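>>> Predicted model and sequence below, questions to follow.
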Amino acid sequence: MSRIRTLIFLALCAPMLTIAANTPPQLEPLPEPPAPPAGYEPDAATEPQVTIVKRGEETIEEYRVNGELYMQKVTPSHGVPYYLVKETVDGGWARMDGPGDRIAVPNWVLFRF
């Protein structure tokens, strides 16, 4: 009986020994990034303008560049925030839940009457 207990104990301890053997080296913090070049001024026209709108319990953040709305972040009162991204110039919106790839739906014109 003691052999079985010893084998079980060793089987449970083996993963801990491999984890302890693979400890990373001492890590150091990254250095500070260099200062921007002399004479660099960020262009305010390319920076997005964010407007926060509250509708009932949910919050909507509207992102605009040059006055054109291109993305919305919707934060419901309960649940996970999601993004609406403009797909077409006409205003077709696609929902994006995370950093993964969006589904690209082809918008080909096959026939015109």
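Sure thing, it's come through.

>>> Would you map the helices across the chain?
2-21 (DSSP state H).

>>> in it, what spans have low per-residue confidence?
1, 14, 16-24, 91, 98-105 (pLDDT under 70).

>>> And the strands in the protein?
Ranges of strands in the chain, per DSSP state E, are 49-55, 58-65, 68-75, 82-86, 93-96.

>>> quick one: buried residues of the fourth one?
Meaning strand 82-86. Of all the residues in strand 82-86, those buried under the rule 16 or more other Cβ atoms under 10 Å are 83-84, 86. For the C-beta atoms, the positions are set from N, CA and C on the backbone; glycine is no exception.

>>> Also the shortest one?
When burial is assessed from 16+ other Cβ under 10 Å, strand 93-96 yields the following buried residues: residue 96.

>>> if we can go back for a sec, export the strands of the chain as a markdown table, with columns for distance to residue 38.
Shown next, in a markdown table, are these (distance: least, Cβ to Cβ, whole Å):
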| stretch | distance to residue 38 |
| --- | --- |
| strand 49-55 | 28 |
| strand 58-65 | 27 |
| strand 68-75 | 32 |
| strand 82-86 | 36 |
| strand 93-96 | 38 |
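
>>> Return the member of the buried residues of strand 82-86 nearest to residue 96.
Nearest to residue 96 among the buried residues of strand 82-86, counting by Cβ to Cβ, is residue 83 at 4.4 Å.
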